[in-house]
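# Here is the input, now give the coordinates:
(chains A and B)
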Amino acid sequence: MSEPAVEVKNLTKIFSPDLSKNHVIAVDNLSFEVAAGEVYGLIGPNGSGKSTTMKVVLGLMAASKGSAKVFGLDSGDIRARNEIGFLPENPYFYKHLSGEETLKFYGKLCGIKGSELKDRIAELLKLVDLEGAAKRRLGGYSKGMLQRIGLAQTLIQNPRLVILDEPTAGVDPVGSRQIRDLILKLKEDGYTVFLCSHLLEQVQEVCDRVGIIFRGRMRREGTLDELIQIESQTAMTLENASPELIGKIHELIASDAAAKVIEEGHPRTTLERLFIQIADQNKKEESA
Amino acid sequence: MSEPNTTLQSPAREVPLFSMSRVWTLAISTLTQLVRMKTFYFLFAFAVLLLAVGNFNFASSPAQALSTVKKVSFGAMDLFAWLFAIVATALLIPRDIEDRTLYTILSKPVRRIEYLLGKLFGVLIVIAISLSVMFVVCAGMIQWKEMGYIADEIGDSTSEQITEDTRQAILLIQKNGFHPELAIATLASFMKAAVVASVTILLSTFASSSLFTIIVSVLVFLVGHAHTMATNFWLAETDNSIVTQMLLKLFKIVIPNFQIFSFSEGIVQGATVVPAAIWQMGGLTGAYLIVFMLLSLLTFVDKEF
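Presented below is the predicted three-dimensional model:
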């Protein structure tokens, strides 16, 4: 089995805000692994310890107890940061730089130069659909554009692990879908993605495995199927079923004393999908 | 859900112990940031000040007028250099923390000392460019005025031959006019600004606000100008015990002695440059920079964000 991309073992992080005995335990004996190539979501309410865990993995904070490793390297080891691309929540990059200059800046920090850097910038601007805004300063970017240039920045040195903290926070549904599609594209391309979010629907759409953290402790962990399926219930979606057929199904259900219908009706789309559908339709009409 | 084609298999790349290229990237980014914040606009204010001083007829003689222009313009250059060093440096790091830009920078393979040096060098490049421009403008202005005054003296002379009085007057104008040693005075202002910037960086690595950093940096700067006086006063007021000596040594390290740069005022007033003073200034500036950057690293290396 290959080396895990992220390995967090018995991680504890204690803050002492006022140098008194009032310690705050942000992360409490947390252990989990993110396998190479998977999309792992760490979810939990605000203040549950998600961002702290992420910062320890990034080497921005030291663990009070336990350890965090990235591809076998201690998270404090600077070589580990060559393997990581990080997008913080609501990132504010240097507003005085253009999108292209921002990627150039981060690329140079990673030791990429010359034509290699130029090609990589062009490739990433295309990936995040910001070729048209490459020369524009970030001060004029929308929130969704900032998130996308941020995502391009995370990939500049072609890291194996991409860490995203609330990647769609404050982004409208269209921008949110673009970012979700980019995450799926990253997975397709073999990147490992470790994301923190409290937007459960989004996590459900992109993650292979999910950890639920509450007050710094892991409460549940597993694949999406393991976590969300209700073993005692079965759902069936029928198309073009006649009233007669529905009637027969009801009769069958009634013949079993233990079984009962809990819910019945027409499946609904989500507001997000409806919104995107209308936006796409408008776009098509405008371009026609 | 889509399945990965293959997982990326690049091995961990080596990161050099120290990369001047990363420091340079950060320095250029800081320079760009300060330039795009329109910091160079103050140069227009400086040019206006210089024109005003140069054309204001407040001195009784040409030599005095030249001396005044030099004092005011080099004083303004010095003031700009240290004030800019404090304000710009105090704002840069806290802003990066507040905007979380620091997260994305430090999550790349960047060592913290490289980040600090990048910020310091960025500020110093701006100061160096500004001082150079101001020096050239100043030199041009002084030489232009000097030539004008000399022409006036020659023109005022009634005989065809220059009289001894005229010759003396010209010599006096030349003595108070431009001389290349003024570049040393500009260099002293730059070095002083470099030390102030390194003190400010140290303060901003642990200070909770930019305002605190600016105020304390200005205080350190002012106390540093009374270094010898403060040390002598302390020794005279207290017993000369080991504790006093230790505290004095600590004071001498923590508070830089800005009096080492004050010989530049003499240069502006026409005094001769002593090479030993330049070497001492250069050596002490280097030592202060190393000490303050190491102290900054000590407080910044384990800082959690």
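
# Can you name the residues of the stretch 201-305 of chain B sitting close to chain A?
Neighbours of chain A within the stretch 201-305 of chain B, by Cβ under 8 Å from any Cβ of the partner chain: B:302, B:304-305. C-beta coordinates here come from the backbone N, C-alpha and C atoms, glycine included.

# Give me the buried entries from the residues you listed.
Among those, not one is classed as buried by 16 or more other Cβ atoms under 10 Å in any protein chain shown.

# Just give the closest residue to the residue of the stretch 201-305 of chain B found nearest chain A, not the sequence neighbours.
Among the residues of the stretch 201-305 of chain B, B:Glu304 lies closest to chain A, at 4.5 Å counting by Cβ to the nearest Cβ. Among residues not flanking B:Glu304 along the chain, A:Met61 sits closest, at 4.5 Å (Cβ to Cβ, 6 or more residues apart in numbering or on different chains).

# Local confidence estimate at that neighbour?
Looking at A:Met61, its pLDDT stands at 92.

# Wasn't it part of a helix?
No. Counting by DSSP: H, G, I helix; E, B strand; the rest coil, A:Met61 is not found in a helix; it is coil.

# number of nearby residues for it?
Burial of A:Met61 is recorded as 24 neighbouring residues (other Cβ atoms under 10 Å in any protein chain shown).

# That one contacts A:Lys13, correct?
Yes. The pair A:Met61 / A:Lys13 is scored as a contact, 6.8 Å apart, by Cβ atoms under 8 Å.

# Overlap of the contact sets of these two?
Residues touching both A:Met61 and A:Lys13 (Cβ atoms under 8 Å, 6 or more residues apart in numbering or on different chains) are A:Thr52.

# what's the longest helix in chain B?
Counting residues, the longest helix found in chain B (DSSP state H) is helix B:112-156.

# do it and chain A meet at all?
No. Helix B:112-156 lies out of reach of chain A by Cβ under 8 Å from any Cβ, never closer than 8.9 Å.

# After that helix, heading C-terminal, what element do we hit next?
The first helix or strand that comes after helix B:112-156 along the chain, using DSSP states H and E, is helix B:164-176.

# Now do the SS call for A:Val27.
Three-state call for A:Val27 (three-state DSSP): strand.

# so it bridges to which residues?
Per DSSP bridges, the residues bridged to A:Val27 are A:Lys13.

# my guess is it meets A:Lys50, correct?
No. With contacts counted by Cβ under 8 Å, A:Val27 stays clear of A:Lys50, the gap being 9.2 Å.

# what are the ranges of the helices in chain B?
Counting by DSSP H, chain B has helices at residues B:20-36, B:42-55, B:62-98, B:101-106, B:112-156, B:164-176, B:182-204, B:210-224, B:227-237, B:242-254, B:263-268, B:275-300.

# hey, where'd the helices end up in the stretch 101-250 of chain A?
For the stretch 101-250 of chain A, the helices defined by DSSP state H, counting those that start in this stretch cover A:114-127, A:143-154, A:173-188, A:200-206, A:224-228, A:243-255.

# Looking at those, which is nearest to chain B?
For the helices of the stretch 101-250 of chain A, proximity to chain B was assessed by Cβ to the nearest Cβ; helix A:173-188 is nearest, at 5.0 Å.

# any idea of the mean pLDDT for that closest one?
Across helix A:173-188, the average pLDDT comes to 88.

# ok, now stretch A:155-168?
Confidence over stretch A:155-168 (mean pLDDT, whole number) is 92.

# Could you export it as CSV, CA atoms only?
C-alpha atoms of stretch A:155-168 as CSV (Å, rounded to 0.1, in the frame of the first residue of the first chain):
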residue,chain,number,x,y,z
LEU,A,155,-1.1,24.1,-8.0
ILE,A,156,1.8,26.2,-9.3
GLN,A,157,4.6,23.8,-8.2
ASN,A,158,2.4,20.8,-9.1
PRO,A,159,2.1,19.5,-5.5
ARG,A,160,0.8,16.1,-4.8
LEU,A,161,-1.5,17.3,-2.0
VAL,A,162,-4.0,20.2,-2.3
ILE,A,163,-5.4,21.6,1.0
LEU,A,164,-8.5,23.7,0.7
ASP,A,165,-10.0,25.6,3.6
GLU,A,166,-13.7,26.4,2.9
PRO,A,167,-13.0,26.7,-0.8
THR,A,168,-16.4,28.1,-1.7
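
# List the buried residues of it.
By neighbour count on 16+ other Cβ under 10 Å, the buried set for stretch A:155-168 is A:155-168.

# Which single one of the residues you listed is nearest to A:Glu101?
Set against A:Glu101, the nearest of the buried residues of stretch A:155-168 by Cβ to Cβ is A:Ile156 (12.5 Å).

# That closest one contacts A:Tyr106, correct?
Yes. Using Cβ under 8 Å, A:Ile156 is in contact with A:Tyr106, at 4.9 Å.

# so where's the stretch 51-200 of chain B shaky on pLDDT?
The model of the stretch 51-200 of chain B has pLDDT under 70 over residues B:54-55, B:57-59, B:156-161.

# What residues does it have near chain A?
Residues of the stretch 51-200 of chain B that fall close to chain A, judged by Cβ under 8 Å from any Cβ: B:99-101, B:103-111.

# Remind me which helix or strand A:Tyr40 belongs to.
Short version, using DSSP H and E: A:Tyr40 is in strand A:39-43.

# Tell me how far the spatially most central residue of chain A lies from chain B.
By Cα atoms, centre = their mean, the mean C-alpha position of chain A lies nearest to A:Leu195, the distance being 3.6 Å. Using Cβ to the nearest Cβ, to the nearest Å, A:Leu195 is found at 14 Å from chain B.

# Name all residues that make contact with the residue lying closest to that residue once chain neighbours are set aside.
With Cβ to Cβ, 6+ apart as the criterion, A:Leu195 has its nearest non-adjacent residue at 4.2 Å, and that residue is A:Leu164. By Cβ under 8 Å, 6+ apart, the contact list for A:Leu164 reads A:86-87, A:151, A:154, A:183, A:193-196.

# For A:Leu164, give the beta-bridge partners.
A:Leu164 forms beta bridges with A:Leu87, A:Leu195, as assigned by DSSP bridges.

# got the residues of the stretch 1-150 of chain A near chain B?
By Cβ under 8 Å from any Cβ, the part of the stretch 1-150 of chain A that sits against chain B consists of A:2, A:36-38, A:55, A:58-62, A:71, A:73, A:78-84, A:86-94, A:96-97, A:101, A:105-106, A:108-111, A:150.

# Just the ones of these in strands?
Under the assignment DSSP state E, the residues of the stretch 1-150 of chain A next to chain B contribute A:73, A:84, A:86-87 to strands.

# is it possible to export these to CSV including pLDDT?
CSV is the format used below for those (pLDDT from 0 to 100):
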residue, pLDDT
A:Leu73, 92
A:Ile84, 93
A:Phe86, 93
A:Leu87, 91
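
# what's the closest of those residues to chain B?
A:Phe86 (4.0 Å).

# wait, that closest one sits on B:Thr101?
No. Counting by Cβ under 8 Å, A:Phe86 stays clear of B:Thr101, with 12.0 Å between them.

# one step back: just put the helices of chain B in JSON lines and tack on mean neighbour count.
As requested, the helices of chain B are exported to JSON lines (neighbours: other Cβ atoms under 10 Å in any protein chain shown):
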{"stretch": "helix B:20-36", "mean neighbour count": "19"}
{"stretch": "helix B:42-55", "mean neighbour count": "14"}
{"stretch": "helix B:62-98", "mean neighbour count": "20"}
{"stretch": "helix B:101-106", "mean neighbour count": "22"}
{"stretch": "helix B:112-156", "mean neighbour count": "18"}
{"stretch": "helix B:164-176", "mean neighbour count": "15"}
{"stretch": "helix B:182-204", "mean neighbour count": "25"}
{"stretch": "helix B:210-224", "mean neighbour count": "18"}
{"stretch": "helix B:227-237", "mean neighbour count": "12"}
{"stretch": "helix B:242-254", "mean neighbour count": "12"}
{"stretch": "helix B:263-268", "mean neighbour count": "19"}
{"stretch": "helix B:275-300", "mean neighbour count": "16"}
